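S.K.: next one to model:
(one chain, ligands or ions: 1)
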Amino acid sequence: MKTNMRELILYSTLFGHNLELSQLIAEHCPQMTRCGLAETSAAALANCNRLVLCPCTYGDGYLTPLEEQFFHQVQGMPLPHLSYLVVGAGDLDYGHAAFARAVLIFDRALHDQGARRLGAPIRVDYEETTSGARQAVAQLKRARKEPEHG
Ligand SMILES: Cc1cc2nc3c(=O)[nH]c(=O)nc-3n(C[C@H](O)[C@H](O)[C@H](O)COP(=O)(O)O)c2cc1C
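M.R.: Residues are numbered from 1 along each chain as shown. This next block holds a predicted model:
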């Protein structure tokens, strides 16, 4: 691993569930720095080689304004140096198509910029953040055992 690269857990939240999810993941990943989307920008990804992104979903499957901004920044950045996992809490009551859709939106956006998935995107109900964190940590551990590309 390049020593000047960082490992980030980024979350966005309005009601705290994705904050909680990011905290639960961070407890198992002491080498990763946790940060709110409000306190950073996609520019941080230029210096990052491992990302766990915990986005929230509002407005029937759409992003918050802050996430929209981050999304557009990501679209302009080549990210071949980045490995990532997107895991987010939504609400199953919004129906399958809208459920935690921000997770799928960001998983696709990062992939389209050349970043490498560490695992399949994880969508969990807001009452299941513990389970989501457990799944994410398991995927991160599995990915660490695999050889890095390049
Ligand atoms: C106005 C409103 C719209 C929402 N729309 C969706 C939605 O489309 N899909 C979804 O999965 N959850 C939706 N939710 C639920 C939130 O995503 C859910 O509460 C989640 O925990 C929010 O993350 P946060 O607690 O980190 O802010 C909505 C909630 C509100 C209040």
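
S.K.: which residues does the closest residue to the ligand within the chain contact?
M.R.: At 2.3 Å from the ligand, Gly90 is the closest residue in the chain, using Cβ to the nearest ligand atom. Quick note: C-beta positions are derived from backbone N, CA and C, even for glycine. Neighbouring residues of Gly90 by Cβ atoms under 8 Å, 6 or more residues apart in numbering: Cys56, Thr57, Ala98, Phe99, Ala100, Arg101, Ala102, Val103, Arg123, Val124, Asp125, Tyr126.

S.K.: any weak-confidence spans in the protein?
M.R.: 1-4, 147-150 (pLDDT under 70).

S.K.: partner residues bridging the spatially most central residue of it?
M.R.: By Cα atoms, centre = their mean, the chain has its centre lying nearest to Leu53, at 1.4 Å. Taking DSSP bridges as the rule, Leu53 bridges to Leu10, Val86.

S.K.: check the gap between it and Asp93 for me.
M.R.: 23 Å (Cβ to Cβ, to the nearest Å).

S.K.: residues in contact with Asn18?
M.R.: Tyr11, Ser12, Cys54, Pro55, Cys56, Gly88, Ala89.

S.K.: top of the residues you listed by neighbour count?
M.R.: Cys54 (34 neighbours; other Cβ atoms under 10 Å).

S.K.: hmm, back to that, of the contacts of Gly90, which belong to helices?
M.R.: Arg101, Ala102, Val103 (DSSP state H).

S.K.: what about the closest residue to the last one other than its chain neighbours, is that helix, strand or coil?
M.R.: Right, Val103. Closest residue to Val103 apart from its sequence neighbours, by Cβ to Cβ, 6 or more residues apart in numbering: Gly88 at 4.1 Å. Gly88 falls in the strand class when you classify it by DSSP: H, G, I helix; E, B strand; the rest coil.
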